[in-house]
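> Output the structure for:
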Amino acid sequence: MNWTALKETIYYWDGSWRDIYIFDVAEEDWIKWIDYINSTYRISWYNGKTDKDEAKVDFNVIKEYWASNGDLISTANVFLGQIQINTHFFSETELESDIDPREFNSIEDHNRLIDYLKDLSHLIEKPVYVTPENTPEIKLITVDKEDVKINTDTDPRDWPVRIKE
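Numbering: from 1, shown residues only. I've put the predicted structure just below:
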């Protein structure tokens with residue numbers, strides 16, 4: 001893959017981040033993901049129950065958050081080297097993360113993300129998508145286990161600007 005093409009399309013800085021989605025997830029998928037990240041990566045997770053940052057995600061607190069309609073809001077920061085993936089717990093049925101495209105400065109950074117996405121797809125047995133912010137219908141990267149599709153034919157200037165409500 002050509003780094004210049006990736007930088008000008010996928011990791012283009014337009015003032016917005018990119019989203020990572022896995023749709024139609026269930027509790028067992030969340031548990032697999034949490035076990036995986038807790039054992040594989042450096043984590044910084046804000047525990048809304050204790051009001052502290054912790055090095056491991058506690059799924060029981062996440063379930064309490066979902067049951068309380070957001071009173072224990074939290075985000076898990078997963079670090080792939082210098083790249084930070086911010087995973088939000090907005091929905092029980094959608095695993096949503098975001099990345100700052102400015103953190104991607106080489107093909108090695110891109111490959112590090114792709115390896116992570118492949119691992120997730122294998123683990124959860126669902127495709128993983130990278131999209132412009134709040135625009136899940138525009139698939140910039142699709143990873144379905146070892147099958148990786150990268151769409152560099154899109155022009156970031158044509159992406160709709162969306163604010164999550």
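
> got the contact list for the biggest helix by length in the chain?
Counting residues, the longest helix found in the chain (DSSP state H) is helix 107-124. Helix 107-124 is contacted from outside by 1, 3, 6, 10-11, 20, 22, 25, 29, 32-33, 36, 80-83, 85, 95, 99, 103-104, 127-128, 130, 141, 143-146, 148, using Cβ atoms under 8 Å, 6 or more residues apart in numbering. Heads up, the C-betas are built off the backbone N, CA and C, glycines and all.

> and that helix, what's its mean pLDDT?
What helix 107-124 shows for mean pLDDT is 98.

> now swap in stretch 54-69 and tell me
The average of the pLDDT scores along stretch 54-69 is 90.

> any idea which helix or strand carries the residue most central in space within the chain?
The C-alpha lying nearest the average C-alpha coordinate of the chain belongs to residue 97 (Cα atoms, centre = their mean; 2.8 Å). Under the criterion of DSSP states H and E, residue 97 resides in strand 94-99.

> That strand pairs with which strands, and in what direction?
Looking at strand 94-99 with DSSP bridges, its partner strands are strand 18-23 (antiparallel), strand 83-91 (antiparallel).

> Of those strands, flag the one that's most buried.
Mean neighbour count (mean count of other Cβ atoms under 10 Å) peaks for strand 18-23 among those, with a mean of 20.

> ok and that one relative to helix 107-124, angle-wise?
Interaxial angle of strand 18-23 relative to helix 107-124 (axes from the mean of the first three to the mean of the last three Cα atoms, to 10 degrees): 20 degrees.

> Following element in sequence after strand 18-23, please.
That would be, after strand 18-23 and using DSSP H and E, helix 27-40.

> How far off centre is that following helix?
Computed by Cα atoms, centre = their mean, to the nearest Å, the chain-centroid distance of helix 27-40 equals 13 Å.

> No further queries at this time; thank you.
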